[in-house]
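> Provide a 3D model corresponding to the input given below.
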Amino acid sequence: AIKSNKINATMSQSAVADLESELGIPLDATLAIGVSQQTPKPVQLLLIPPQDISSDFITIASPSSSLPDDQTYPGSFSTHVSSESSLRKKMARCLIVGRQASAADIRIDHKSVSRRHTALYYKRKQGGDEAAAVVLVVRDLGGKHGTHVNDSRIEKNGAVELPLDGTMKEHRIRFGNAPLICRVVMPPIK
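Numbering: from 1, shown residues only. Modelled structure (predicted):
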């Protein structure tokens, strides 16, 4: 069963901007990638906890419908990297993964996960075709136990850009030492 975050965050636009500024989220970060002929659909996250973990381990602000292969991973959760998945809705420029219920769009209750651990957002690159110009940014927010993408640790407060150009269909993110697999499922390019 997916546990939805019941916190009804009524943050003002300036409070959202202050939070994202404090986290170092760039002004050109976005959760809206405008779906068109070339631009892909939002990236989907599939969070797979161990079978023996508490149901309170993961809380998602706005869970999405399941991926077609969710049946392969009983007890998994899925959500999109989009403003609809954020506590801050249309005002948000990023999704926050962390332990703090009032700020994290995806809450992971584990001692190695910081209050605000990782940010996910899209960024448009200059030049190139529209689809190749969009990347998913995974930004480490400075936690002690770090963020790993495809088994490589991101530099503290650093970021990794994952292109949405169809070169890779899937990536893996690990948040601290949490016993959780986060599959990043890239949308198909048309």
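> contacts, neighbours, all on C-alpha from now
OK.
> tell me the contacts of Ala103?
By Cα atoms under 8 Å, 6 or more residues apart in numbering, the contact set of Ala103 is Leu87, Ile96, Arg116.
> For the first one, give me phi and psi.
For Leu87, the backbone dihedrals (degrees, to the nearest 10) come out as phi -60, psi -30.
> what does the second one give?
According to degrees, to the nearest 10, the main-chain angles of Ile96 amount to phi -110, psi 130.
> who does it bridge with?
Counting by DSSP bridges, Ile96 forms beta bridges with Ala119.
> What separation do you get for it and Ser21?
In this view, Ile96 and Ser21 are 13 Å apart by Cα to Cα, to the nearest Å.
> Same check on Arg99?
According to Cα to Cα, Arg99 and Ser21 sit 19 Å apart.
> Pick out whichever of the two has more residues nearby.
Taking other Cα atoms under 10 Å, Arg99 and Ser21 do not tie; Arg99 has more neighbours (24 against 12).
> separation between the nearest residue to the more buried one once chain neighbours are set aside and His148?
Spatial nearest neighbour of Arg99, excluding adjacent residues (Cα to Cα, 6 or more residues apart in numbering): Arg115 at 4.3 Å. Arg115 sits 17 Å away from His148, going by Cα to Cα.
> ok, the two, which is more surrounded?
Using other Cα under 10 Å as the criterion, Arg115 and His148 rank with Arg115 on top: 22 against 19.
> helix, strand or coil for the more buried one?
coil (DSSP: H, G, I helix; E, B strand; the rest coil).
> And His122, what's its pLDDT?
One correction, residue 122 is Tyr, not His. Note on Tyr122: pLDDT of 93.
> If you count contacts, what does whichever helix or strand it is part of end up packed against?
Tyr122 belongs to strand 118-124 when assigned by DSSP states H and E. If contacts are counted by 3 or more Cα pairs under 8 Å, 6 or more residues apart in numbering; DSSP states H and E, strand 118-124 sits against strand 95-98, strand 134-140.
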